[in-house]
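*Asks:* Have a look; sequence and predicted model below, questions after that.
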Amino acid sequence: MEASSLSTLRTGFLALFLSLCTLVPAHAACDDTTSISGQICKRLTDTWNEGEHDLYLPFHTFHLPYAYSDEAINTYRENTWGLGYGRSRHDESGSWNGLYGMLFLDSHSKLQPIVGYGHQWLWGPREGLHAGLGYTVFVTARADIRSYTPIPAVLPIASINYGKVAVNAAFMPGGMGFGNILFLWGRVGF
């Protein structure tokens, strides 16, 4: 690996770590659970403080063929290898809540960080095979979009889980030649 790539990777991981640290809100701000902001704050704080550790493994991006030519798809990196860390917990209703940060290679082989919160409603026994459907709220940044200017977004997510192991997917809608991407990652609780 070149020195500039290592420097970029170190900078990316430092940014990812600092972003994760800012996800943990102060407990005092969460005291008023009658307000929407207080409820959100409490959910995030409880997930971080009571949650279990998760290892995130981004591994594939699928560009939907109806939105991209074969020539364009052949120029994109679809194996988006990366690494991430998160905290997750199941709330009183059995839903999954997670705070996470990942760093992976985007379609143009550039590092892409993402930090966010996910929520999924689950069906099936948590100890066995079960499925989830929900949403993620996150901030990401890309080298090809204003040189890593933060981009906030909300996307639908789904998962197939067995115990503490999950394969997740997020769908990014779009038009011809942009968006219409299915992003896949693994999550392992420890």
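*Replies:* Yep, it's here.
*Asks:* just checking, Ser107 touches Asn79?
*Replies:* No. Shown here, Ser107 and Asn79 do not form a contact pair, counting by CB atoms under 8 Å, at 10.4 Å. Any C-beta I mention is one placed from the backbone N, CA and C, and that applies to glycine too.
*Asks:* neighbour-wise, which of the two wins?
*Replies:* Ser107 (18 against 10; other CB atoms under 10 Å).
*Asks:* give me the element that one is part of.
*Replies:* When elements are defined using DSSP states H and E, Ser107 is found to belong to no helix and no strand.
*Asks:* heads up, I number from 36, so please use that
*Replies:* OK, 36 is where the count begins now, so the last one is Ser142.
*Asks:* nearest residue to it other than its sequence neighbours?
*Replies:* Nearest residue to Ser142 in three dimensions, chain neighbours excluded: Tyr111, at 4.2 Å (CB to CB, 6 or more residues apart in numbering).
*Asks:* Any idea what Ala193 is bridged to?
*Replies:* According to DSSP bridges, the partner residues bridging Ala193 are Leu168, Ala204.
*Asks:* shouldn't Tyr101 be in contact with Asn215?
*Replies:* Yes. Checked against CB under 8 Å, the pair Tyr101 and Asn215 is within contact range at 7.3 Å.
*Asks:* Who has more neighbours out of these two?
*Replies:* Asn215 (18 against 7).
*Asks:* So for that one, what pLDDT did the model give?
*Replies:* The model reports Asn215 with a pLDDT of 93.
*Asks:* This structure: helices as residue ranges?
*Replies:* 38-57, 71-85, 105-110 (DSSP state H).
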